[in-house]
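1. Could you work out the structure for the sequence below:
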Amino acid sequence: MEKSNGMTMERLEALLDAYGASPARWPGAERPAAEDLVARSQEARLRVDEARHLDLLLAEAPLEAPSAALTARLLAARPRQIAASPVSSTAGTSLLGRFLALVWPYGSPAFPAGAVLASLALGIVTGVGVSSLAVPQQTALTTVASADLSGEPGGELVSLALAHTSYPEDWTQ
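-> Below is the predicted model:
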């Protein structure tokens, strides 16, 4: 496997398969390394010649417009907007019905609405669960800080940092 400036023969083949034999069509970041490999390797030059031959064959191939049958099959297979059913017999479709048809033209909006509601419910349950886990930890720290008021060095600072309410009152007396 020859390698030149980080360009391998496999990568050069991938470039030739994707972009053809013309270095002008190769990605700019890889072009210098690929050209260097082609200049140094006989095998790389043979691969570029093969790709150039394929490019010439493809360029000579006639271009034809798609047939009417193919166009009809493609148009028949595309997603279509489903006609909205009238909500009231006098007004045709309601404003809400027209808005839903505009936002979701692929049929019933129940599926995307259900997905939105499910993600909202999951977010609320997760938020409540996480916030209820955080409260006992803070209570435990306050209990530890209150226990440190027994005269140990540094206990006053912990109580002050945790906003213990009784200790600052002791300082003012």
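2. which residues touch stretch 19-36?
-> With contact meaning CB atoms under 8 Å, 6 or more residues apart in numbering, stretch 19-36 is reached by 4-7, 11-12, 15, 48-49, 51-52, 54-55. No exception for glycine: its C-beta is placed from N, CA and C like everyone else's.
3. Ends of that stretch, what's the gap?
-> Stretch 19-36 has its terminal residues 17 Å apart, counting by CA to CA, to the nearest Å.
4. likewise stretch 27-44?
-> End-to-end distance for stretch 27-44: 17 Å, by CA to CA.
5. model confidence over it, on average?
-> The average pLDDT within stretch 27-44 is 93.
6. burial measure for T71, as a count.
-> Neighbour count of T71, defined by other CB atoms under 10 Å: 11.
7. now do A18
-> When neighbours are defined as other CB under 10 Å, A18 has 10 of them.
8. which one of the contacts of stretch 19-36 has the most neighbours?
-> L12 (25 neighbours).
9. separation between that residue and H53?
-> Separation of L12 from H53 (CB to CB, to the nearest Å): 16 Å.
10. Find the residue ranges of the chain scoring beneath the pLDDT cut-off.
-> 1-5, 81-92, 131-173 (pLDDT under 70).
11. Could you chop this structure up by domain?
-> The chain breaks down by automatic domain parsing into domains covering 3-60, 110-172.
12. Can you show me the helices along this protein?
-> 9-19, 31-40, 42-60, 68-77, 95-103, 110-147, 155-161, 166-172 (DSSP state H).
13. Output stretch 104-115 as PDB - backbone C-alpha positions only.
-> Extracted C-alpha coordinates of stretch 104-115, given in PDB (Å, rounded to 0.1, in the frame of the first residue of the first chain):
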ATOM      1  CA  TRP A 104     -49.400  18.700   9.400                       C
ATOM      2  CA  PRO A 105     -50.600  17.900   5.900                       C
ATOM      3  CA  TYR A 106     -49.900  14.100   6.200                       C
ATOM      4  CA  GLY A 107     -53.200  13.000   7.800                       C
ATOM      5  CA  SER A 108     -54.300  13.000  11.400                       C
ATOM      6  CA  PRO A 109     -52.400  15.300  13.700                       C
ATOM      7  CA  ALA A 110     -53.000  12.900  16.600                       C
ATOM      8  CA  PHE A 111     -49.600  11.200  16.200                       C
ATOM      9  CA  PRO A 112     -47.400  14.300  16.400                       C
ATOM     10  CA  ALA A 113     -49.700  15.800  19.100                       C
ATOM     11  CA  GLY A 114     -49.300  12.600  21.100                       C
ATOM     12  CA  ALA A 115     -45.500  12.700  20.700                       C
END
